[in-house]
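Novice: sequence? don't have it. structure:
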C-alpha cells in the first residue's frame, strides 16, 4: 500500500475558483513580503539616522582634530626654522590658532559621541595633548631644560657615530 495524499477538494473546484485561489495566494505572499520590506526599511532608516546624526559628525570631528594637530606640528617646525622676529611672531599666532582648532575639534567630537569608551579615549587624547604642549611650549621652564639637556646628548651621539663611520671608511 502506497501512501497517497489525495487532494480531492482542489479537483472538485472549477477553473475560475482555482484561478481566484492562485491569485489570492499571490496577493497574500506579496502583502507579507511588502510588510517585511517596510519593517526593514523602518529599522534601516533608524540606523541611517544614527549614522548621519552621530557617527559621521564624530568622524568629522576626529578628522578635524587630526588635521589641526598635523598643522600644529608643521607650524611648530616652521617656528624653529624661521629667522626673523616678525616671522616667528606670525608663526606663533598660527600655532595658537592651531591649538584652538584642535581643542574645538575635540569638543565637537565630545558633543556628538557619548559612548563611555569613546569618552575614556577622548580623555586620554586630551591628557596626551596637554603633555605634548607642556613639552613643546616655549613658555614651559621644564620643556626648556629638557631641550637644553637633549641637544648636547644628541650631538655627542651624532659625533661618535660620525667618527666611527669615518674610521670604518678609512679601513
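Specialist: Everything's here; your move. Predicted model only: the values in this text are computed from it and were never measured.

Novice: Show me where this protein has its strands.
Specialist: Secondary structure of the chain, counting by DSSP state E: no strands present.

Novice: What's the biggest helix in it, counting residues?
Specialist: The longest helix of the chain (DSSP state H) is helix 15-50.

Novice: how distant is that one from the center of its chain?
Specialist: Distance of helix 15-50 from the chain centroid (Cα atoms, centre = their mean, to the nearest Å) equals 39 Å.

Novice: Residue 119 touches residue 110, doesn't it?
Specialist: Yes: under the criterion of Cβ atoms under 8 Å, residue 119 lies in contact with residue 110, with a separation of 7.2 Å. Every residue, glycine included, has its C-beta placed from N, CA and C.

Novice: between these two, who's got more neighbours?
Specialist: Of the pair residue 119 and residue 110, residue 110 is the one with more neighbours under other Cβ atoms under 10 Å, namely 16 against 13.

Novice: What separation do you get for the more buried one and residue 87?
Specialist: Applying Cβ to Cβ, to the nearest Å, the value for residue 110 to residue 87 is 35 Å.

Novice: And residue 123, by the same measure?
Specialist: To residue 87, residue 123 is 36 Å away according to Cβ to Cβ.

Novice: cool, and residue 36?
Specialist: From residue 36 over to residue 87 (counting by Cβ to Cβ), the distance is 66 Å.

Novice: More neighbours: these two, which one.
Specialist: For residue 36 against residue 87, the residue with the higher neighbour count under other Cβ under 10 Å is residue 87, and the figures read 13 against 10.

Novice: roughly how far is stretch 128-141 from the heart of the chain?
Specialist: The chain centroid and the centroid of stretch 128-141 are separated by 25 Å under Cα atoms, centre = their mean.

Novice: going forward, begin numbering at 860 instead of 1
Specialist: Sure thing, new numbering starts at 860, so read that last one as stretch 987-1000.

Novice: coming back round to it: mind giving me the packing neighbours of the longest helix of the chain?
Specialist: The criterion is 3 or more Cβ pairs under 8 Å, 6 or more residues apart in numbering; DSSP states H and E, and there are no helices or strands that helix 874-909 contacts.

Novice: Geometrically speaking, which residue is the centre of this protein?
Specialist: Here the mean C-alpha position of the chain is nearest to the C-alpha of residue 918 (Cα atoms, centre = their mean), at a distance of 4.3 Å.

Novice: Tell me, how many residues neighbour residue 928?
Specialist: Using other Cβ under 10 Å, residue 928 has 19 other residues around it.
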